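Participant: next come a sequence and a model predicted from it.
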Amino acid sequence: MSKEPELPPPLDVVAVGAHPDDVEVACGGTLAKLAGQGYRVGIIDLTDGEPTPFSKGPESRFLEATQAAKALGVCYRIQMDLPNRQLFDCFEARVELAKIFRMTRPRVVIGFGDKSPMASPDHHQAMLLTDAAVFYSRLSKWDEQFDHYPPHVISRQLYFRLALEPMNIAGNPYHTLIDISDTLERKLASIRCYGSQFDHKRQIEDRVRAAAVMAGSIAGVAAAEPFAAARPFATDDFFGAVGLDVDPTMGTDPSDVRELTLRHWSTGLGKATKQHTPTTER
């Protein structure tokens, strides 16, 4: 029996992009927020993004990706060697990505949620690969395919869209907006690290900022990033689910029984109702 490989500390969240800079543009503000809250956040680039018109080569692009990761505060970045411009969803690529999921053991995986018309078809292939690898990650009795990394169940999968794409994910309006008002500048700083990609496109920062501001305006915050869930999920945190903090004065002890107030309310619009003095019951 082969010995299981040694595993690094698990990650909380992993975001998967086709190329370096995809994740920064799509959800850099959210990753920076999570990292600032103490979560272990990782990024996986399926390709090195090369060749590209204005880059000096793979080493330069990797340095840009490293600087961008530092700007966001993430603790882990892996660059795979799948072919840029020729990225395809195939069995071998699924297995390689699933190996990384089994090794890093994230609770949440975030990735592309749809095609990106008139942009790289690698993005859609990245979505298909990520979907498959999330599934492959949890399969048992197949360890030899994954260098004996043990199965890992990824609890949640979310989809992002590139900030410059239409305001929907997988053909549907987004389900959740994450407030990035306090991390928008860090997102933009990470994008500026990619001088080989964006120095000749001075409007990129304005477009990314405008997309974040527009998304935020829908929910009443200064800036936001949209996500969709791969499937519905339940929560027992009602106020958290609707974007509100829990009232710290509220007791959580089941023995903390609150008084029940009962009363009638006379409007004068219906049948006459005798006024009752409010009563209390336990």
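Facilitator: Perfect, thanks for sending it.

Participant: pLDDT weak spots in the stretch 151-282 of the chain?
Facilitator: 163-174, 200-202, 246-258, 271-282 (pLDDT under 70).

Participant: would you map the strands across it?
Facilitator: For the stretch 151-282 of the chain, applying DSSP state E, counting those that start in this stretch gives strands covering 156-160, 176-179, 224-229, 260-262, 279-281.

Participant: and the second one, what's buried?
Facilitator: It stands for strand 176-179. Going by neighbour count (16 or more other Cβ atoms under 10 Å), the buried part of strand 176-179 is 177-179. C-beta coordinates here come from the backbone N, C-alpha and C atoms, glycine included.

Participant: grab the most central residue of this structure for me.
Facilitator: Nearest to the mean C-alpha position of the chain, by Cα atoms, centre = their mean, lies I110 at 4.2 Å.

Participant: isn't F54 right up against S196?
Facilitator: Yes - contact criterion Cβ atoms under 8 Å: F54 and S196 qualify, at 5.0 Å.

Participant: have a look at these two and say which one is more surrounded.
Facilitator: More crowded of F54 and S196, by other Cβ atoms under 10 Å: S196, with 21 against 13.

Participant: list the contacts for the more buried one?
Facilitator: 52, 54-56, 60-61, 64 (Cβ atoms under 8 Å, 6 or more residues apart in numbering).

Participant: if you set the cut-off to 6 Å instead, what comes out?
Facilitator: S196 makes contact with 54-55, according to Cβ atoms under 6 Å, 6 or more residues apart in numbering.

Participant: what of G111?
Facilitator: G111 touches 16, 130, counting by Cβ under 6 Å, 6+ apart.

Participant: quick check, it in a strand?
Facilitator: Yes - remark: G111 belongs to a strand, assigned using DSSP: H, G, I helix; E, B strand; the rest coil.

Participant: could you dump the buried residues of strand 176-179 to CSV with distance to F239?
Facilitator: Shown next, in CSV, are those (distance: Cβ to Cβ, whole Å):
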residue, distance to F239
L177, 16
I178, 16
D179, 15
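
Participant: closest one of those residues to S190?
Facilitator: Closest to S190 out of the buried residues of strand 176-179 is I178 (15.8 Å), distances taken as Cβ to Cβ.

Participant: for that closest one, which non-adjacent residue is spatially closest?
Facilitator: Nearest residue to I178, sequence neighbours excluded (Cβ to Cβ, 6 or more residues apart in numbering): T30, at 4.7 Å.

Participant: helices or strands up against the strand or helix carrying the one you found?
Facilitator: Here T30, judged by DSSP states H and E, is contained in helix 22-36. Helix 22-36 sits against strand 13-17, strand 41-45, helix 58-72, helix 184-192, strand 224-229, with contacts defined as 3 or more Cβ pairs under 6 Å, 6 or more residues apart in numbering; DSSP states H and E.

Participant: reformat these as a markdown table; add distance to V153 and mean neighbour count.
Facilitator: Output for those, formatted as a markdown table (distance: least, Cβ to Cβ, whole Å; neighbours: other Cβ atoms under 10 Å):
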| stretch | distance to V153 | mean neighbour count |
| --- | --- | --- |
| strand 13-17 | 14 | 27 |
| strand 41-45 | 17 | 26 |
| helix 58-72 | 26 | 19 |
| helix 184-192 | 30 | 21 |
| strand 224-229 | 16 | 22 |
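
Participant: much appreciated, bye for now.
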